[in-house]
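> The amino acid sequence is not available; the structure is as follows:
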């Protein structure tokens, strides 16, 4: 459905097996960022920026503000680098977008990107399920299959620090609520796609709404995005327990880590603004 993100080759799956305390497998990826690869970083910044504001719309949106493109994005669109809940929102938004990218590039899902471009408060994360992604067994909604898959993901981030927190367990805990949020999240995505004139995307989402004659596979996901300085596979195993999860038989667990990740996220937002 979607092209792989510019940095897809930088996502390296770990060969080391990690499981939770109750034996659920955790897929671990290391994001090996190449700071010397300016073309890839610029392409990434463009894709990242357009989650919040399409390049074709920036000049119309900033008109009347007296701000340059970079100033408009930095001051009015992107979460703030240091004020209020801005840094935490940056962490959360980046983690969600990263997981959506990973689901598409590594697992063959389609993850529509409608979550960030209509934020009313830039220093708050949008409400609802963090990531919804879909996989069609055949050609799409015109040929629905019982093997079609919907996955709802909750992601948690810890992009800096020296002491690890049980972020994967936090994501597992929150993912239990997704079964009650999926219908609202599907409706929100469909509305935004229709507003964009993307009828094909709306049809694809519609296949997974309620009232279906042909059911599908519902998977639940939990992800932690971490700075490598606090990534510890043993700690993750000891502090994560999925026993009793409402969708234990269809549970996906993912951890992604990278070096100096918070500093890189700030640099990505800066590049996204300055290269607009």
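That came through, no problem. Bear in mind that the values here come from a model prediction, so they are computed numbers and not experimental data. Numbering: from 1, shown residues only.
> pLDDT score assigned to residue 6?
Reading off the confidence values, residue 6 has pLDDT 92.
> what's the answer for residue 2, then?
In this prediction residue 2 is given a pLDDT of 60.
> repeat for residue 109
96.
> residue contacts, it?
Listed by CB atoms under 8 Å, 6 or more residues apart in numbering, the contact partners of residue 109 are 103, 133-135, 149, 151. For glycine as for every other residue, the C-beta is placed from the backbone atoms N, C-alpha and C.
> Is there a quick PyMOL command that grabs whichever of the residues you listed are buried?
Here is the PyMOL command that selects only those of those that count as buried (16 or more other CB atoms under 10 Å):
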select buried, resi 103+133+134+135+149+151
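> tell me the two of the contacts of residue 109 that are most distant?
Spatially, the most separated pair among the contacts of residue 109 is 103 and 149, at 10.7 Å (CB to CB).
> Now do residue 254 against residue 19, distance only.
In this structure, residue 254 and residue 19 are separated by 13 Å, where distance is defined by CB to CB, to the nearest Å.
> Please enumerate the shared neighbours of the two.
Residues touching both residue 254 and residue 19 (CB under 8 Å, 6+ apart): residue 26.
> and those two? which has more neighbours close in?
Remark: of residue 254 and residue 19, residue 254 carries more neighbours, 23 against 14, as counted by other CB atoms under 10 Å.
> Please enumerate the helices of the chain.
With helices called from DSSP state H, the chain shows them at 38-52, 55-62, 69-72, 86-107, 167-175, 178-195, 199-206, 233-239, 261-274.
> Excluding residues flanking it in the chain, which one is nearest the most centrally placed residue in the chain?
Ranked by distance to the mean C-alpha position of the chain (CA atoms, centre = their mean), the top residue is residue 96 at 2.4 Å. Excluding the flanking residues, the one nearest residue 96 by CB to CB, 6 or more residues apart in numbering is residue 130, at 4.8 Å.
> looking at it, that neighbour is touching residue 157, isn't it?
No: checked against CB atoms under 8 Å, the pair residue 130 and residue 157 is beyond contact range at 10.5 Å.
> Identify the residue nearest residue 141 in space, chain neighbours excluded?
residue 207 (4.0 Å).
> Was I right to think the one you found contacts residue 143?
No: with contact defined as CB under 8 Å, residue 207 and residue 143 do not form a contacting pair (9.8 Å).
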